[in-house]
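K.L.:
Compute the structure for the input listed below.
(one chain, ligands or ions: 1)
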Amino acid sequence: MELKFPNGFLWGSATSAHQVEGGNLNDWTEWEKKMANSLSHIADSKKWPDYILRNYPNPLQPENYISGRACDHYNRYEQDFDIAKQLGQNAHRFSIEWSRIEPEEGKFDEAEIEHYRKVIQALKSRGIEPFVTLWHYTHPSWFTKRGGWLHPEAEKSFLNFVQKIVSEFKNEISFWITFNEPETVVRHGYIQAIRIPQERNIFKAFKALKVLARTHNNAYQLIHKIIGDKAIVGFAESLVFFESYNRWPHNLLAKRILNWYRNKQFVPMVIRNTDFIGLNYYFHSRIRLNPFISWKWFQYNENKLGVSDMGWEIYPQGIYEMLKILKKYDKPVFITENGIADAKDEKRVMYIKEYCRWIHKAIEEGVDIKGHFYWSFMDNFEWSDGFWPRFGLIEVDYKTLERKIRPSALEYAKICKNNSIDN
Ligand code: BGC
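P.N.:
Alright, predicted model coming up:
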């Protein structure tokens with residue numbers, strides 16, 4: 001039986017500037033250089049399967065952690081979009097790199113604006129709807145050096161950039177995503193201390209998240225002021241489907257707290273100022289606290305369908321549960337990211353099909369889902385993990401920069417072209 005998706009459903013894949021373009025100069029570029037050696041040493045103490053170590057670069061090599069020329073998508077976007085078209089994708093999500101547009105505070109680089117104009121043109125001329133993300137993890141170095149999101153001028157600076165970009169592309173772009181995963185950025189930066197600015201300060205974390213929420217709300221208003229009603233503006237957030245392993249009170253309580261923090265902070269602060277919810281869905285977590293052995297929560301996963309190369313559980317039903325939870329907000333939803341690191345391309349077809357079947361079930365049960373973006377269009381620079389995780393529908397050879405269409409991409413193409421999936 002065929003499971004049909006609604007007419008006009010958008011099918012595509014996503015990338016972000018720093019992860020694919022190459023040649024960026026932003027706060028991440030500086031951080032990578034500082035961290036590359038220590039990240040490769042940390043990797044040295046872990047066990048890696050041969051098929052990961054055989055690839056270039058591998059996690060033991062410092063160059064794995066430096067984005068450098070990445071996929072050189074900055075120069076090869078035309079070819080790349082030819083592939084997206086060939087694969088039947090009718091939408092594409094990418095980000096405009098703030099540090100390229102405003103390398104110095106208040107000075108906009110017109111040549112870079114023209115570059116993105118060509119990128120947008122290249123998509124539109126291929127019949128692919130562009131989805132622009134205005135902020136995907138990176139900042140101009142001046143912004144971070146000045147104090148990042150905790151500096152009193154942070155919101156104003158970001159809105160200046162938004163004003164500029166949106167005015168430039170108001171006739172070309174309908175779909176705008178203000179922020180990608182603000183909660184992740186704040187948690188990694190101010191709680192887990194694993195990314196910029198590597199602090200552990202819960203108060204700063206909450207403060208930064210509030211600033212980001214307020215900035216989203218004002219950016220939403222600003223974009224509508226510039227473009228009017230035809231702009232469709234949202235955010236993308238990574239939400240987690242939490243369950244408790246059993247009915248024991250400490251597990252139930254831990255689940256409540258984590259759910260409150262991960263899923264109920266940012267979204268309620270911005271829900272009145274959004275035309276859609278962008279769901280980045282990767283994680284399911286079954287909470288089982290064991291205070292007697294170590295005071296650590298962990299996910300008790302049965303892993304029936306296995307895990308990705310990064311050890312992330314494959315649990316397709318989770319996306320359905322999350323979508324059902326989002327129904328209460330009564331907003332259209334785009335799946336702005338969902339995908340798997342799978343260098344051997346053995347699980348990707350199953351992953352895509354299973355998640356899409358559960359998405360279809362959510363649609364049948366009344367969730368207003370408008371589109372799906374596989375993460376990622378091509379292999380890319382996976383932040384502090386570097387290049388080794390292979391999320392792409394397209395394989396990238398980082399020595400030659402040659403692109404190869406993975407077999408799973410062809411299966412996804414069938415879904416995109418037919419707007420349906422077999423059951
Ligand atoms: C981010 C991407 C990242 C992906 C896989 C998302 O959280 O938006 O930039 O590559 O997850 O980890």
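K.L.:
pLDDT on the longest helix anywhere in the chain, on average?
P.N.:
Longest helix in the chain, counting residues (DSSP state H): helix 202-227. The average pLDDT within helix 202-227 is 98.
K.L.:
Equivalent analysis for stretch 1-20, please.
P.N.:
Rounded mean pLDDT across stretch 1-20 is 98.
K.L.:
and it, how far apart are its ends?
P.N.:
End-to-end distance of stretch 1-20: 38 Å, with CA to CA, to the nearest Å as the criterion.
K.L.:
rewinding a little: helices or strands next to the next helix or strand after the longest helix of the chain in the packing?
P.N.:
As assigned by DSSP states H and E, the chain's next helix or strand after helix 202-227 is strand 232-244. The helices and strands touching strand 232-244, judged by 3 or more CB pairs under 8 Å, 6 or more residues apart in numbering; DSSP states H and E, are strand 175-180, helix 182-186, helix 202-227, helix 249-263, helix 266-270, strand 276-289, helix 317-326, strand 333-337. The C-beta positions use only the backbone N, C-alpha and C, and glycine is treated the same way.
K.L.:
how far away is the closest residue to the ligand within the stretch 1-150 of the chain from Q61?
P.N.:
Closest residue of the stretch 1-150 of the chain to the ligand, CB to the nearest ligand atom: S16 (5.2 Å). Counting by CB to CB, to the nearest Å, the gap from S16 to Q61 is 23 Å.
K.L.:
do Q198 as well
P.N.:
From Q198 to Q61 the distance is 23 Å (CB to CB).
K.L.:
Which of the helices and strands packed on strand 232-244 sits closest to E168?
P.N.:
Nearest of the helices and strands packed on strand 232-244 to E168, taken as CB to CB: helix 202-227 at 10.0 Å.
K.L.:
what kind of secondary structure is G371 in?
P.N.:
Here G371 is strand, with the state taken from DSSP: H, G, I helix; E, B strand; the rest coil.
K.L.:
can you tell me which residues contact it?
P.N.:
Residues near G371 by CB atoms under 8 Å, 6 or more residues apart in numbering: 9-12, 91, 334-335.
K.L.:
low-confidence ranges in this structure?
P.N.:
Along the chain, segments meeting pLDDT under 70 span 291-302.
K.L.:
do that again at 90, thanks
P.N.:
1, 245-246, 250-251, 286-304, 423 (pLDDT under 90).
K.L.:
residues from it in reach of the ligand?
P.N.:
Applying CB under 6 Å from any ligand atom, we find that the chain lies next to the ligand at 16, 19, 180-181, 184, 238, 280, 337, 375, 382.
K.L.:
Those residues into CSV, with extra columns for neighbour count and distance to S67?
P.N.:
CSV is the format used below for these (neighbours: other CB atoms under 10 Å; distance: CB to CB, whole Å):
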residue, neighbour count, distance to S67
S16, 24, 11
Q19, 29, 7
N180, 24, 17
E181, 22, 18
T184, 18, 18
S238, 20, 21
N280, 20, 20
E337, 24, 19
W375, 24, 17
E382, 17, 10
